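> Give me the fold of what follows.
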Amino acid sequence: MAESYKIRLAVKEDILSIMQFIDRYWRKDHILSKSQELFAYEFCDGDRVNVLLGVDRGG
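Here you go, the predicted model:
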């Protein structure tokens, strides 16, 4: 099972996908799925995004 997922830190290019995930699987219209500015305030430090992702490798 461990081989089917990759654990990594998010990058700026992941933010919109994370926001869509929040909207779809946490709560529709959650504030973190609507405001990229708030998301960045809460989770970004410069170019660093302080969110861990478990990415399905499709296996």
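> quick one: what helix or strand has the residue nearest to the spatial centre of the chain in it?
With distances taken as Cα atoms, centre = their mean, the residue of the chain nearest its centroid is Ile18 (3.0 Å). Taking DSSP states H and E as the criterion, Ile18 maps to helix 15-21.
> Need the CA coordinates for the very next helix or strand once past that helix. CSV is fine.
Downstream of helix 15-21, the next assigned helix or strand under DSSP H and E is helix 31-34. This file holds the C-alpha atoms of helix 31-34, laid out as CSV (Å, rounded to 0.1, in the frame of the first residue of the first chain):
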residue,chain,number,x,y,z
ILE,A,31,-14.0,29.7,3.5
LEU,A,32,-10.6,27.9,2.7
SER,A,33,-12.1,26.7,-0.6
LYS,A,34,-13.3,30.2,-1.6
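> on contacts alone, who are the packing partners of helix 31-34?
helix 15-21, helix 36-43 (3 or more Cβ pairs under 8 Å, 6 or more residues apart in numbering; DSSP states H and E). Quick note: C-beta positions are derived from backbone N, CA and C, even for glycine.
> Val51: which of those helices is closest?
Evaluated with Cβ to Cβ, these place helix 36-43 nearest to Val51, the distance being 5.4 Å.
> send the alpha carbons of the closest one over as CSV?
Extracted in CSV, the C-alpha atoms of helix 36-43 (Å, rounded to 0.1, in the frame of the first residue of the first chain):
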residue,chain,number,x,y,z
GLN,A,36,-7.1,32.0,-2.0
GLU,A,37,-5.8,35.0,-0.1
LEU,A,38,-7.0,33.5,3.2
PHE,A,39,-5.5,30.1,2.3
ALA,A,40,-2.2,31.7,1.6
TYR,A,41,-2.3,33.6,4.8
GLU,A,42,-3.0,30.5,6.8
PHE,A,43,-0.7,28.0,5.0
